[in-house]
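Novice: Have a look at this prediction, sequence included:
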Amino acid sequence: MPIFYPDILNQKTPARTFTYGDKDVMLYALGVGMGRDPMNETELAFVYEKNLKVIPTAATVLAAGAKATGPAPEMPADHRPSQINFLMVVHGEQKVELHKPLTAGGTYTAQSRTAGAFDKGEGKGAVIINETIWTDEKGEKVATLTGSTFARGDGGFGGPSEGAPEPHVVPTRAPDISVDFDTLPDQALLYRLNGDRNPLHSDPDIAKRAGFDRPILHGLCTYGITCRAVLQAITDFDPDQIYSHQARFSAPVFPGDTITVDLWKDGKNISFEARVKARNVTVIKNGLTVLR
């Protein structure tokens, strides 16, 4: 089924409720490499239920078990439902905004909508922007998650070619701080327990069919590692200082790679990029964390 424009902009999911607890928060932290040294008390605070802290980017996985709590929103009578070719999509960008700091557990409602669709042209793909908003039991907004999907097989649907959000431009000066994080060979097998069980991250045969020598690390795991870098290098492991964290995915990481995160501090704006020096490749570009 093709993309119909502007009908796709009316598409919303039913409201979904979900509950998460300390186990989910700790599993996410372990999945992005926290807690490997049990004597490191600053990281222990993210993987031990005593005074538990939450990595802000955990918002990307904590709603994985959300269940619909009502009917799908009504669409206009002449609405034509769109569908992209999911075999041809890659995650382009991700942004998390926290209107309130995340707690170690709670019950929330999430609803998603298509916020934009941009046509790169026939044979050149499309960019689809999706937005998910969390609200708490009082109906107050807690988080906004915005992600872009590059649908390689869906260009030429007649939508606008311009107007997509512009990526953040990092400074041209040398990084103010650079920090290294090793990933373990089994890191994707652990991270997938947060909810994304795409076999591209676990099955060597599937990975080879997708053009990779071996399974790759989840892009959102690398994204979480860049947030870990901000926590370590900028906020002294205080997650409540982070209002938003956004980045663009530019190349895959393989479990076992060492990721170098370069950071630039300009007041409350922290720019960042991530690279794998051993392969001379930048894996995260246009990163921006905004502090409260």
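Specialist: Arrived safely.
Novice: For the rest of this, base every contact and every neighbour count on C-alpha atoms.
Specialist: Will do.
Novice: Going by residue numbers, what spans are strands in the stretch 51-200 of the chain?
Specialist: Under the criterion DSSP state E, counting those that start in this stretch, strands of the stretch 51-200 of the chain are mapped to 67-68, 89-98, 106-121, 125-135, 141-151, 177-182.
Novice: Now stretch 33-45 - C-alpha only, PDB.
Specialist: This file holds the C-alpha atoms of stretch 33-45, laid out as PDB (Å, rounded to 0.1, in the frame of the first residue of the first chain):
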ATOM      1  CA  GLY A  33      26.800  -0.500  29.400                       C
ATOM      2  CA  MET A  34      26.200   1.000  32.800                       C
ATOM      3  CA  GLY A  35      27.300  -1.000  35.900                       C
ATOM      4  CA  ARG A  36      30.100  -3.100  34.600                       C
ATOM      5  CA  ASP A  37      32.200  -2.100  37.600                       C
ATOM      6  CA  PRO A  38      30.000  -2.900  40.600                       C
ATOM      7  CA  MET A  39      32.300  -0.700  42.800                       C
ATOM      8  CA  ASN A  40      31.600   2.400  40.700                       C
ATOM      9  CA  GLU A  41      28.900   4.000  42.800                       C
ATOM     10  CA  THR A  42      28.000   6.700  40.300                       C
ATOM     11  CA  GLU A  43      26.900   4.100  37.700                       C
ATOM     12  CA  LEU A  44      25.600   1.700  40.400                       C
ATOM     13  CA  ALA A  45      22.800   4.300  41.000                       C
END
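Novice: So which bits of that stretch are buried?
Specialist: In terms of neighbour count (16 or more other CA atoms under 10 Å), stretch 33-45 has its buried residues at 33-35, 42-45.
Novice: Which of these fall within helices?
Specialist: When DSSP state H is applied, the buried residues of stretch 33-45 are split such that 42-44 fall in helices.
Novice: about what we covered before: mean neighbour count and distance to Ser161 added to the strands of the stretch 51-200 of the chain, as a markdown table?
Specialist: As requested, these are arranged in a markdown table below (neighbours: other CA atoms under 10 Å; distance: least, CA to CA, whole Å):
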| stretch | mean neighbour count | distance to Ser161 |
| --- | --- | --- |
| strand 67-68 | 16 | 34 |
| strand 89-98 | 20 | 16 |
| strand 106-121 | 20 | 5 |
| strand 125-135 | 21 | 9 |
| strand 141-151 | 21 | 13 |
| strand 177-182 | 16 | 36 |
